[in-house]
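Asker: structure for this input, please:
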Amino acid sequence: MKVVIIGAGVLGVSVARQLAIAGEDVLLLDQRGVGTGTTATTFAWTNSSRKPDPDYHRLNLAGMEEHGRLAGQLRGEPSYFPSGALQWADAANEQRLAGNVERLQSLGYPAHWVTPDEATRIAGDLRIPATITSIAHFPGEGYVLPELFVGNLLADAERHGADWAIGEVVAIDDRPDGVSVTLAGGEVRRGDRVVLAAGRWTERLAARAGIDVPMVTEAGRGAQAVGLLGYARSPELDLRCVIHSPGLNLRPAAGGHTVLQALDLNADVDPEDPPSADGDIANTLARRFSALLPDPSRAPTIDLRVGIRSLPADGHTVAGYASTHSRVYCLVSHSGVTLAPILGRLAAAEITTDREEALLRAFRPTRFAGVRRSDTEVDQHATGLGEQ
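Answerer: Below you'll find the model as predicted:
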């Protein structure tokens, strides 16, 4: 079977690898390059911490488990770290944290309270402010180094025979005798199946094949899909896990660097006019980071990067064929890093066997058929889906 995959982000590369392992003829296309879209600007926290929908929670749990299995299969430097995560709360946030811990514990999700001394040993090189009143530990969570992770997936896909190329897809023609994609410049690539894994570009490309996959597409100042990350090059820290603190989230990066996220600052971020390295947003991020450092007097060096998230309109993953007769398999998720291993495996299994995977049953693109756009949209910040 010839399968053309549109989009070489973390989902596209993951399904490409699984299809190649299954012996299929795989071509992976991307308009810019492997891992250069949303995958390059993700907080990359693996979790099912704030997914209240039962089906979505189960899928994310399966994604976390699959990461552990996949880590034992991939060659190259480790890119997945089951470090656990800590969530700190002050008086203003402790009730929300307590409610989430209670909910997760009732579901059997590993979550427990720790003391500041225990949290310091878990976190490593950070100072816990005196304003923190409660701390929860989630030992099953972790993080990914996205560039390295995608590189390892791609290398393994290529070892199993997958090809990839730069190419901007401008049309998808889905017919009973096969499916083809037309590239800018007129080149046509044909296959037996197409996997549409184009992230935030999914709605536009799907529409060209007559498929409705509603996405959050607004990307102006303060839009839900807009997210800012800071990459702290100094000071180098011995940070050992993911941290969520009031006003700032942190995760380790390679070489003692730290990835920073302050969700409230996104409201002032405009992708058309990115914040400068010495502007108010950068200074606020640096000040919050400094407050958590063992030596707060050390001025951090932070690079800023603005990303556009891949957000289906109802907040949940899309996985499946556009219709019972379609040869276009749609695959897009806000939780792409957590779900990449499991979605890659399950989507490849559905494509190669034509058998339905139960974990994906609730996430078919056909759920949008005949539904008004306004009825599918959710406040993704309120549900916890607004995080990268």
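Asker: give the buried residues for stretch 2-21.
Answerer: For stretch 2-21, a neighbour-count test (16 or more other Cβ atoms under 10 Å) marks 3-21 as buried. In this view, the C-beta of every residue, glycine as well, is placed from N, C-alpha and C.
Asker: need phi/psi at the residue nearest the centre of the chain.
Answerer: The centroid of the chain falls nearest to Gly336 when counting by Cα atoms, centre = their mean (3.3 Å). Main-chain dihedrals, Gly336, degrees, to the nearest 10: phi -60, psi -40.
Asker: quick check: it touching Thr38?
Answerer: Yes: with contact defined as Cβ atoms under 8 Å, Gly336 counts as touching Thr38 (6.9 Å).
Asker: now the common contact residues for those two.
Answerer: The contact sets of Gly336 and Thr38 overlap at 9, 199, 310 (Cβ atoms under 8 Å, 6 or more residues apart in numbering).
Asker: which of the residues you listed fall in strands?
Answerer: Judged by DSSP state E, strands contain none of the shared contacts of Gly336 and Thr38.
Asker: tabulate the residues you listed (CSV), appending distance to Ser297.
Answerer: CSV is the format used below for the shared contacts of Gly336 and Thr38 (distance: Cβ to Cβ, whole Å):
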residue, distance to Ser297
Gly9, 40
Gly199, 41
Ser310, 39
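Asker: all strands for the stretch 151-300 of the chain, in order.
Answerer: For the stretch 151-300 of the chain, the strands defined by DSSP state E, counting those that start in this stretch cover 163-166, 169-175, 178-183, 188-191, 193-196, 226-234, 242-245, 248-252, 258-261.
Asker: now the ones you listed as CSV including distance to His57 and mean neighbour count?
Answerer: Formatted as CSV, these follow (distance: least, Cβ to Cβ, whole Å; neighbours: other Cβ atoms under 10 Å):
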stretch, distance to His57, mean neighbour count
strand 163-166, 33, 14
strand 169-175, 32, 17
strand 178-183, 33, 19
strand 188-191, 34, 16
strand 193-196, 25, 26
strand 226-234, 22, 20
strand 242-245, 18, 25
strand 248-252, 20, 23
strand 258-261, 22, 24
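Asker: I'd like those written out as a markdown table, with distance to Arg305 and mean pLDDT added.
Answerer: Formatted as a markdown table, those follow (distance: least, Cβ to Cβ, whole Å; pLDDT from 0 to 100):
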| stretch | distance to Arg305 | mean pLDDT |
| --- | --- | --- |
| strand 163-166 | 22 | 96 |
| strand 169-175 | 25 | 95 |
| strand 178-183 | 28 | 96 |
| strand 188-191 | 32 | 96 |
| strand 193-196 | 26 | 98 |
| strand 226-234 | 5 | 96 |
| strand 242-245 | 18 | 98 |
| strand 248-252 | 14 | 98 |
| strand 258-261 | 9 | 98 |
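Asker: I'd like those laid out as JSON lines, including distance to Pro82.
Answerer: Below are the strands of the stretch 151-300 of the chain laid out as JSON lines (distance: least, Cβ to Cβ, whole Å):
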{"stretch": "strand 163-166", "distance to Pro82": "29"}
{"stretch": "strand 169-175", "distance to Pro82": "36"}
{"stretch": "strand 178-183", "distance to Pro82": "37"}
{"stretch": "strand 188-191", "distance to Pro82": "36"}
{"stretch": "strand 193-196", "distance to Pro82": "28"}
{"stretch": "strand 226-234", "distance to Pro82": "22"}
{"stretch": "strand 242-245", "distance to Pro82": "11"}
{"stretch": "strand 248-252", "distance to Pro82": "12"}
{"stretch": "strand 258-261", "distance to Pro82": "17"}
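Asker: separation between Ser14 and Pro300?
Answerer: 33 Å (Cβ to Cβ, to the nearest Å).
Asker: just to revisit the earlier point, the buried residues of stretch 2-21 in helices, which ones?
Answerer: 10-21 (DSSP state H).
Asker: what's the closest of those residues to Pro52?
Answerer: Leu11 (22.7 Å; Cβ to Cβ).
Asker: the closest one contacts Leu343, correct?
Answerer: Yes: Leu11 lies in contact with Leu343 (Cβ under 8 Å); the separation is 5.9 Å.
Asker: now for the protein, the helix or strand with the poorest mean pLDDT.
Answerer: When the helices and strands of the chain are scored by mean pLDDT, DSSP states H and E, helix 373-376 comes last with a mean of 62.
Asker: do you know how far the residue nearest to Ala111 when sequence neighbours are not counted is from Gly68?
Answerer: Distances taken as Cβ to Cβ, 6 or more residues apart in numbering put Leu104 closest to Ala111, at 4.6 Å, once the chain neighbours are dropped. Distance of Leu104 to Gly68, computed by Cβ to Cβ: 19 Å.
Asker: the more surrounded of those two?
Answerer: Leu104 (20 against 14; other Cβ atoms under 10 Å).
Asker: what about that one, which SS state?
Answerer: Classification of Leu104 by DSSP: H, G, I helix; E, B strand; the rest coil places it in helix.
Asker: which ones are touching it?
Answerer: Contacts of Leu104 by Cβ under 8 Å, 6+ apart are 49, 111, 138.
Asker: what does the pLDDT read for the closest residue to the last one other than its chain neighbours?
Answerer: I take that to be Phe138. Of all residues not flanking Phe138 in the chain, Ala85 sits nearest, at 4.6 Å (Cβ to Cβ, 6+ apart). Looking at Ala85, its pLDDT is 98.
Asker: partner residues bridging Ala85?
Answerer: Phe138, Val242 (DSSP bridges).
Asker: counting neighbours, what do you get for it?
Answerer: Ala85: 25 surrounding residues under other Cβ under 10 Å.
Asker: state the distance from it to Ala262.
Answerer: To Ala262, Ala85 is 17 Å away according to Cβ to Cβ.
Asker: much appreciated, bye for now.
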